[in-house]
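> Task: produce atomic coordinates for the following.
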Amino acid sequence: MLALITSPEAWAALVTLTVMEIVLGIDNVVFISLLVQRLPQRQALRARQIGLSLALVLRIALLFALSWLIGLQQSLFVGFGIDISWRDLILIAGGAFLVAKATMEMHAAVEGDAEEDGDGDERPSAVAGRAFTLIIGQVAVLDLVFSVDSILTAIGMAEHIEVMVAAVIVAVGIMFWASGPLSSFIAQHPTAKMLALAFLLMVGVMLVADGFDVHIPRGYVYAAMAFSVMVEMLNVAAAGRRQRRRRAPPGPGLD
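Residues are numbered from 1 along each chain as shown. As a prediction, this is how the structure comes out:
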């Protein structure tokens, strides 16, 4: 352990893996932040805590089951002229779920939230409890997909599992810290919510394509989304400045 602490190579691998895990975890944080919008504030915080805790536990568990995880890449059958493995099936199913969920959320945002709160006789607490359980279930499913994708990508970037575990812990810690402000920003700006849904839709398509052995460079997707976020931030700043100007009292000498 002391040799790792004093090794420049280990520290370089830790920094590289941490950055990579944060980048790969962005979609995980966005998905959780969007889902918890429908919950009361206290339950939303609890859902974010559970969701990111599951992400941490699953990633560490997969690191200690590398041989089993690598076995997921072995071919099961040939379909559409390509070898399909368990990893491919997980990515295809997870990506399809993400596409469907993002599309439904976009429809609800455009057409108006038509969700029913349950029968008139049903207690609000029961409805809220069912919604919380459903959201945690969806988060758990996507946590598994993102964790498999993240850890398989990280394999080979570090020689020591201790370095990989440390990188995962640091990355999830940063994701947890960022999830609160991100969730609040999405809740306050409807256009940001639509942008986040578009990002998840693209990630879902990318996962499905990856499952069918069609690799879309993630850098292109993330660069496009980063540019869109910059434009959205400029729009938010401009809107805020216009509101401040409207609220400001007229200058002296003006009727």
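> C-alpha only now, for contacts and for neighbours.
OK.
> Tell me how many other residues surround residue 48.
Neighbouring residues of residue 48 were enumerated by other Cα atoms under 10 Å; the total is 22.
> thinking it is in contact with residue 36, fair?
Yes - look at residue 48 against residue 36 with Cα atoms under 8 Å: they come within range, at 7.3 Å.
> Need the residues touching each of those two.
Residues touching both residue 48 and residue 36 by Cα atoms under 8 Å, 6 or more residues apart in numbering: none at all.
> which stretches of this structure form strands?
For the chain, the strands defined by DSSP state E cover 75-79, 82-85.
> residue boundaries of the helices in the chain?
All helices of the chain, identified by DSSP state H, fall at 2-5, 8-35, 41-63, 66-71, 86-111, 124-154, 161-188, 190-211, 218-247.
> State the mean pLDDT of the second one.
Mean pLDDT, taken over the full extent of helix 8-35, equals 78.
> Next, the angle helix 124-154 makes with that helix.
Here the directions of helix 8-35 and helix 124-154 differ by 150 degrees (axes from the mean of the first three to the mean of the last three Cα atoms, to 10 degrees).
> how about low-confidence regions in the chain?
Scanning the chain with the threshold set as pLDDT under 70 gives 1-8, 10, 66-67, 72, 79-80, 112-129, 154-159, 248-255.
> Can you pull up the most central residue in it?
Relative to the mean C-alpha position of the chain, the nearest C-alpha, by Cα atoms, centre = their mean, is the one of residue 28, at 1.7 Å.
> check contacts around that residue.
Residues touching residue 28, when contacts are defined by Cα under 8 Å, 6+ apart, comprise 142, 143, 146.
> From the structure, what's the count of residues near residue 9?
A count of neighbours around residue 9, defined by other Cα under 10 Å, yields 13.
> One more: the one 3 residues further on?
Residues within reach of residue 12, counting by other Cα under 10 Å, total 13.
> Compute the distance between it and residue 26, please.
Distance, residue 12 to residue 26, using Cα to Cα, to the nearest Å: 22 Å.
> One more: residue 184?
For residue 184, the distance to residue 26 - Cα to Cα - is 16 Å.
> Repeat that for residue 219.
Applying Cα to Cα, one obtains 13 Å for the distance of residue 219 from residue 26.
> which one of these two has more residues nearby?
residue 26 (15 against 10).
> so what's the more buried one up against?
With the criterion set at Cα under 8 Å, 6+ apart, residue 26 makes contact with residue 175.
> Leaving out the residues flanking it, which one is nearest to residue 170?
Spatial nearest neighbour of residue 170, chain neighbours left out: residue 18 (6.7 Å); criterion: Cα to Cα, 6 or more residues apart in numbering.
> give me every residue that touches that neighbour.
If you count contacts by Cα under 8 Å, 6+ apart, residue 18 has them with 167, 168, 170, 171.
> quick one: which of those is most hemmed in?
residue 168 (28 neighbours).
> Go ahead and confirm it touches residue 19.
No - Residue 168 is beyond contact range of residue 19, at 9.8 Å (criterion: Cα under 8 Å).
> what's the distance between the nearest residue to residue 44 once chain neighbours are set aside and residue 51?
Using Cα to Cα, 6+ apart and skipping residues adjacent in sequence, the residue nearest residue 44 is residue 36, 5.0 Å away. Shown here: residue 36 relative to residue 51, a distance of 10 Å by Cα to Cα.
> same check, this time on residue 18
According to Cα to Cα, residue 18 stands 19 Å off from residue 51.
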